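K.L.:
heads up, no residue letters with this:
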């Protein structure tokens, strides 16, 4: 298959890409942009590990062709900490031990960075509902919920 040249805007920076039209956004982010914080888990959009923001809204990067992202702003986990300072959610996850292996963490952070802008005062039930779209095999979810609640009540 032939490759196409296009530009992506990722974390406020332009990236020139040459890729097959069928190359997934996860692969372009990791291989071409060298942004490896977006993880590839199930490759079916189920686990949430690949969640990025597209124009500020959560999206599963494993379900998107990179070429479709022309003209959109993509935000990855690499843009969340500013100047080495963790975001309030990242700091809360650290403080309450809301992460273990870390594989799912980027997707969870991206999901809640967007959600908390939309709903800054969710209930625990709403947090759990949103979290249900992200699979974690290590933590049992309770400390993740506690971290989000910590940010909500800060």
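P.N.:
Yep, that arrived. Because the structure is a prediction, the values reported are computed rather than measured.

K.L.:
Tell me how many other residues crowd residue 97.
P.N.:
12 (other Cβ atoms under 10 Å). In this view, the C-beta of every residue, glycine as well, is placed from N, C-alpha and C.

K.L.:
With residue 143 instead?
P.N.:
Residue 143: 18 neighbours (other Cβ under 10 Å).

K.L.:
Look at the closest residue in space to it that isn't next to it in sequence and report its pLDDT.
P.N.:
Closest residue in space to residue 143, ignoring its immediate chain neighbours: residue 98 at 4.1 Å, by Cβ to Cβ, 6 or more residues apart in numbering. On the pLDDT scale, residue 98 is placed at 91.

K.L.:
What number of residues are in the vicinity of residue 98?
P.N.:
Counted with other Cβ under 10 Å, residue 98 comes out at 24.

K.L.:
Now it: which helix or strand?
P.N.:
Counting by DSSP states H and E, no helix or strand carries residue 98.

K.L.:
isn't it right next to residue 138, touching?
P.N.:
No: with contact defined as Cβ atoms under 8 Å, residue 98 does not count as touching residue 138 (10.3 Å).

K.L.:
on that earlier part again, and the residue nearest to residue 143, how far from residue 106?
P.N.:
Separation of residue 98 from residue 106 (Cβ to Cβ, to the nearest Å) stands at 13 Å.

K.L.:
Equivalent analysis for residue 25, please.
P.N.:
14 Å.

K.L.:
can you check residue 2 too?
P.N.:
Distance of residue 2 to residue 106, computed by Cβ to Cβ: 32 Å.
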